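> Here is my input, please return the structure:
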Amino acid sequence: MSTRTHSEPGRRTHPPRERARVRCTHARRDHAQHRHPRPARAGGGSSCLRAALGCGGAALAVVLVLVAGLAWVSWRSKDFPRVAPEEMAHRALQRSQEAYGVMGFERTLPPGVESLGISTENTLGSGFCHDGGLLGMEDKSVEGAYRISHSWALDRVPESRAVPGLRRLHRFLVDEGWEVTSYREGGRGRDGELFVQRDDGDERMSFTWYPDREYFTGGATVPCAYDPEWREGDAGPAGDDLRPPAFGPAPPV
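Below you'll find the predicted structure:
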């Protein structure tokens, strides 16, 4: 009896010898592909190179921008005008006098201070200006540069004068374009304070009221400047020997 071979529909069958030849042909083809692999697609290596160069160029650009920014900040930190200490002291006094008048104070304060933190005060001070270096991590004084500050204080200031006065001063300075860095109205036994600045902190003012002592302090610090009379070897910051005139509200215009 003959045996029939049933094939799956659509599947091609081969006699035994033919199947052997087919397997042999497939084996030779696989061996040839293994010995001679298909070459990589043209341009692949150059694409990787271009990508690497692009990333490196972008990183270099970022570094250059960062270095340029740091250099500008370092240069700006020493780019001060040449102004006499007397003129900068007058500017600081004007700032204090304006705030004093807005607060509503009327007393005239003599120069100096008898008892710091207790008596009235009207003094000028001078300090060095500092350069942070290219990376902003240094702290060295800039030769010939100085910064003037004026400090004043008033005793016997009750809450009824301090709180509304500080509120009024806060509104005034905001309207004048000052940046408020800290503000607390005070009252009911709590201290009152107002700290403002402008020009990235180059110019600052501060005001504090102490309810337990009924003591009010104020101060103004103006930007750094180079002393035109400075000579190499001069000791101390310029203007450290200045003495203010009597201090009070600004005269009416």
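
> ranges for the helices of the stretch 101-250 of the chain?
Counting by DSSP state H, counting those that start in this stretch, the stretch 101-250 of the chain has helices at residues 159-175.

> residue ranges with poor pLDDT in it?
132-139 (pLDDT under 70).

> could you pull out the strands for it?
112-113, 121-131, 140-154, 179-184, 192-198, 203-210, 215-221, 225-226 (DSSP state E, counting those that start in this stretch).

> Just put those in JSON lines and tack on mean neighbour count and distance to residue 104.
All C-beta atoms are positioned from the backbone trio N, CA, C, and that covers glycine. Shown next, in JSON lines, are the strands of the stretch 101-250 of the chain (neighbours: other C-beta atoms under 10 Å; distance: least, C-beta to C-beta, whole Å):
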{"stretch": "strand 112-113", "mean neighbour count": "14", "distance to residue 104": "22"}
{"stretch": "strand 121-131", "mean neighbour count": "19", "distance to residue 104": "18"}
{"stretch": "strand 140-154", "mean neighbour count": "20", "distance to residue 104": "11"}
{"stretch": "strand 179-184", "mean neighbour count": "13", "distance to residue 104": "18"}
{"stretch": "strand 192-198", "mean neighbour count": "19", "distance to residue 104": "14"}
{"stretch": "strand 203-210", "mean neighbour count": "21", "distance to residue 104": "13"}
{"stretch": "strand 215-221", "mean neighbour count": "21", "distance to residue 104": "11"}
{"stretch": "strand 225-226", "mean neighbour count": "22", "distance to residue 104": "32"}
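
> so who does residue 94 touch?
Residue 94 makes contacts with residue 250, as judged by C-beta atoms under 8 Å, 6 or more residues apart in numbering.

> Shouldn't it be within a helix?
Yes. Counting by DSSP: H, G, I helix; E, B strand; the rest coil, residue 94 is found in a helix.

> Could you dump the strands of the stretch 101-250 of the chain into CSV and include distance to residue 165?
Listed next are those as CSV, based on distance: least, C-beta to C-beta, whole Å:
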stretch, distance to residue 165
strand 112-113, 21
strand 121-131, 18
strand 140-154, 11
strand 179-184, 13
strand 192-198, 9
strand 203-210, 9
strand 215-221, 8
strand 225-226, 31
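
> Quick one: closest of these to residue 93.
Closest approach to residue 93 among these is made by strand 140-154 (5.4 Å; C-beta to C-beta).

> of the strands of the stretch 101-250 of the chain, which approaches residue 239 most closely?
Of all these, strand 121-131 comes closest under C-beta to C-beta, at 4.0 Å.

> what pairs with residue 146 across the strands?
For residue 146, the beta-bridge partners are residue 128, residue 225 (DSSP bridges).

> That one and residue 129 touch, don't they?
Yes. Applying C-beta atoms under 8 Å, one finds residue 146 in contact with residue 129, separated by 6.5 Å.

> hey, what's in contact with both of those two?
Residues touching both residue 146 and residue 129 by C-beta under 8 Å, 6+ apart: residue 224.
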